[in-house]
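sequence isn't available, so here's the structure alone:
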Ligand SMILES: *Cc1c(COP(=O)(O)O)cnc(C)c1O
């Protein structure tokens with residue numbers, strides 16, 4: 001398969017060849033821990049499944065292909081993939097990270113790695129000058145999330161890649177929200193792209209997995225070493241599920257984007273809605289940056305009903321019938337969440353309100369159901385608030 005083919009083709013064929021044993025068109029699930037050797041050290045390329053497994057290998061090739069990388073790595077979860085990246089560093093090293101980071105990423109940085117001597121500085125990355133001002137002698141990595149959760153802020157990947165390069169610092173981008181269908185950070189100059197494959201790559205809310213893709217062979221070798229040495233690998237069955245998800249990523253994302261835009265515009269025109277956050281709006285503060293680095297604006301939306309308090313927002317999400325009240329995102333089914341009581345409950349109220357996560361904020365992961373049913377569900381729940 002030629003890697004210069006277009007995304008829709010790569011999502012299905014990228015890095016994939018029919019199975020060598022019997023020509024199976026779908027990569028078989030090699031549910032095995034070990035592999036027979038004919039003589040000590042003589043085998044067919046695999047010796048132990050932590051170090052390598054053909055199903056995981058197929059997924060890793062596909063990940064590299066759709067992210068326009070040269071090397072892919074599949075992990076047991078998104079956080080396991082991040083954990084491997086931070087293990088490139090040592091005590092005294094510093095990381096600069098997006099301030100409104102996914103809560104689990106923040107916890108991994110502050111509660112696991114900070115006590116081990118790695119320092120994290122959090123900043124609003126919409127200001128590239130602000131990031132530049134934090135770079136010091138010990139800075140090794142810039143960790144970016146864009147769009148951010150749940151405020152849908154956009155960070156300029158190209159500008160930060162240029163900055164990172166000048167200072168000899170690595171740039172990693174959490175591409176979970178955008179997916180490679182909409183945004184390809186390695187093409188924009190990033191060194192590492194990371195995914196919670198649990199979300200859009202898997203796409204069906206039936207697997208927890210993580211991914212990395214890189215271009216530099218030395219960086220890849222160091223990450224493969226950590227993946228094998230630390231051992232948080234993606235299992236064969238989970239690898240198969242993510243691979244299957246990736247095959248429909250392009251068509252799912254097309255519909256996610258259509259539905260996302262329709263819901264964002266519908267909510268914005270609704271008299272009971274105060275504000276809607278979605279990077280596709282022409283007057284979103286970072287719309288130009290979003291348009292320059294994304295092929296579409298996705299289906300993650302947050303909004304505030306007019307005059308709503310904590311209890312109203314809770315009543316709203318409870319009364320939805322098509323949208324499911326749940327954590328997570330990126331599946332074919334629509335989900336709704338209340339960040340103040342769910343994903344962001346552990347952040348002190350004053351702090352979360354500073355970044356816009358007020359008591360009334362509601363986050364939607366718009367799925368690929370019929371748009372009329374989704375609109376009707378939101379309208380019904382908004383009516384229930386009694387205006
Ligand atoms: C879910 C998520 C993660 C963590 O991934 P897991 O697969 O749950 O470990 C990291 N970043 C973002 C943006 C996420 O949405």
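Looks like it arrived, so ask away. Remember, predicted model here, so these are calculated numbers, not experimental data.

from the ligand, how far out is residue 53?
When distances are taken as Cβ to the nearest ligand atom, to the nearest Å, residue 53 and the ligand turn out to be 19 Å apart. Where you see a C-beta, it was placed from the backbone N, CA and C, and this is true even at glycine.

then residue 352?
17 Å.

okay, now that residue: neighbour count?
20 (other Cβ atoms under 10 Å).

indicate the residue of this structure located nearest to the ligand.
Checking the chain residue by residue against the ligand with Cβ to the nearest ligand atom singles out residue 78 as nearest, at 2.3 Å.

hey, where'd the strands end up in the stretch 101-250 of the chain?
119-123, 139-145, 170-174, 192-196, 210-214 (DSSP state E, counting those that start in this stretch).

what sits against the residue sitting nearest the centre point of the chain?
Nearest residue to the geometric centre of the chain (Cα atoms, centre = their mean): residue 176, 1.1 Å. By Cβ atoms under 8 Å, 6 or more residues apart in numbering, the contact set of residue 176 is 78, 102, 145, 194-196, 199-200, 330.

would you reformat those residues as CSV and include distance to residue 184?
Output for those, formatted as CSV (distance: Cβ to Cβ, whole Å):
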residue, distance to residue 184
78, 18
102, 20
145, 16
194, 13
195, 12
196, 17
199, 17
200, 14
330, 17
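
can you get me a residue count around the nearest residue to residue 352 once chain neighbours are set aside?
Taking Cβ to Cβ, 6 or more residues apart in numbering, and ignoring the residues beside it in sequence, residue 352 has residue 344 as its nearest neighbour in space, at 5.1 Å. By other Cβ under 10 Å, 21 other residues sit near residue 344.

surely residue 344 meets residue 107?
No: proximity of residue 344 to residue 107 does not meet the contact threshold set by Cβ atoms under 8 Å, at 11.9 Å.

what lies in contact with the longest helix anywhere in the chain?
Selection of the longest helix in the chain by residue count, based on DSSP state H, yields helix 249-269. With Cβ under 8 Å, 6+ apart as the test, helix 249-269 has contacts from 7-8, 11, 66, 179-182, 200-201, 203, 273, 276, 278, 280-281, 296-301, 303, 332, 364, 366-369, 371, 374-375, 378.

keep only those of those residues that are in helices.
Where these overlap with helices, as defined by DSSP H, the overlap consists of 7-8, 11, 66, 179-182, 371, 374-375, 378.

how about the secondary structure of residue 89?
For residue 89, the secondary-structure state derived from DSSP: H, G, I helix; E, B strand; the rest coil is coil.

quick check: it touching residue 109?
No: if you go by Cβ under 8 Å, residue 89 and residue 109 don't touch, sitting 11.0 Å apart.

mutual contacts of those two, please.
Taking Cβ under 8 Å, 6+ apart as the contact rule, residue 89 and residue 109 both touch 95, 118.

measure stretch 197-211 end to end?
Its first and final residues considered, stretch 197-211 spans 6 Å by Cα to Cα, to the nearest Å.

now that stretch, how far from the centre of its chain.
Shown here is stretch 197-211, whose average C-alpha point lies 9 Å from the average C-alpha point of the whole chain (Cα atoms, centre = their mean, to the nearest Å).
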